[in-house]
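Trainee: just to be clear, the model below is a prediction. Sequence and coordinates:
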Amino acid sequence: MSNAKILCAVLLGAAVGLGAAVVPGRVARADKPAPAPAGAAAVKCKAHNGKGCCDPAVAAHLPLAAVFSACGESDATFAGEEGSKETCKYVFKVEGQSEDGTFVQVYAPAQKEVPSEPADPFFSWKKVGKVFVTEKAKSPKAAPLLASSTGLWLPGKGYFVSVNASTKVCEKGQAKKLASSMK
């Protein structure tokens, strides 16, 4: 066999092999994507100020839809989310207000030992269902904080969930409704 025939055979074999590898890949990409596992929600993130998205494990403790429902907010007023390892902050647009103070923030750190109630030197807490809600400030210096936000606290197994809801976004009565959505 001549070198030309060998080269032709090698090139033809390579073309057939490449075609066999690429064509099924293109066909597979044309198929519908596999359905999400049961219970999995579609990941949709609207990052705020480029600070990144919320960790789904943290956001699961208080989903955005629950904030919309309880606080009377919507996609139109939602400015975005800011996430870190243990924190998820939902930021909202409120007319005449800075976005620095218009949020609902979820904090869910892992803990070996979780207390049965919040130990707080600044606020007294009242249990509403399974969740504790800030009731009153223990000092005059803490009073403005309580006027500007409502704290929610839920003990879990190996973690606790703490929510800080701005009263500009979620009034105290609405925050109590929000408490029923905490997990």
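Mentor: Perfect, thanks for sending it. Residues are numbered from 1 along each chain as shown.
Trainee: hey, let's count contacts and neighbours off CA atoms from now on
Mentor: Fine.
Trainee: what ranges does this protein have for its strands?
Mentor: Assigned by DSSP state E, the strands in the chain fall at 78-83, 87-92, 103-107, 123-128, 131-137, 149-155, 160-166.
Trainee: how about the ones you listed, which one is nearest residue 68?
Mentor: The minimum distance between residue 68 and these falls on strand 78-83, with 8.8 Å, by C-alpha to C-alpha.
Trainee: CA atoms only for that closest one, dumped as CSV, please.
Mentor: Presented in CSV, the C-alpha positions along strand 78-83 are these (Å, rounded to 0.1, in the frame of the first residue of the first chain):
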residue,chain,number,x,y,z
PHE,A,78,-37.3,43.4,44.8
ALA,A,79,-33.9,45.0,44.1
GLY,A,80,-31.9,41.8,44.5
GLU,A,81,-30.2,39.5,46.9
GLU,A,82,-26.8,39.5,48.6
GLY,A,83,-25.4,36.2,49.8
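Trainee: please parse this protein into its domains.
Mentor: Domain assignment of the chain by automatic domain parsing yields the ranges 1-32, 56-179.
Trainee: return the most buried member of those domains.
Mentor: Compared across the domains of the chain, domain 56-179 shows the largest average neighbour count, a mean of 18 (mean count of other C-alpha atoms under 10 Å).
Trainee: tell me which residue is most central in the chain.
Mentor: residue 59 (3.0 Å; C-alpha atoms, centre = their mean).
Trainee: surely that residue and residue 90 touch.
Mentor: No: the criterion here is C-alpha atoms under 8 Å, and residue 59 misses it with residue 90 at 9.5 Å.
Trainee: tell me which of the strands of the chain sits nearest to residue 64.
Mentor: strand 87-92 (7.4 Å).
Trainee: mind listing the strands the closest one pairs with, and their directions?
Mentor: Next to strand 87-92 in the sheet, as set by DSSP bridges, lie strand 78-83 (antiparallel), strand 103-107 (antiparallel).
Trainee: how about CSV for those strands, with distance to residue 119 and mean pLDDT added?
Mentor: CSV is the format used below for the strands paired with strand 87-92 (distance: least, C-alpha to C-alpha, whole Å; pLDDT from 0 to 100):
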stretch, distance to residue 119, mean pLDDT
strand 78-83, 25, 95
strand 103-107, 16, 97
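Trainee: need those in CSV (columns: distance to residue 163).
Mentor: Shown next, in CSV, are the strands paired with strand 87-92 (distance: least, C-alpha to C-alpha, whole Å):
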stretch, distance to residue 163
strand 78-83, 14
strand 103-107, 5
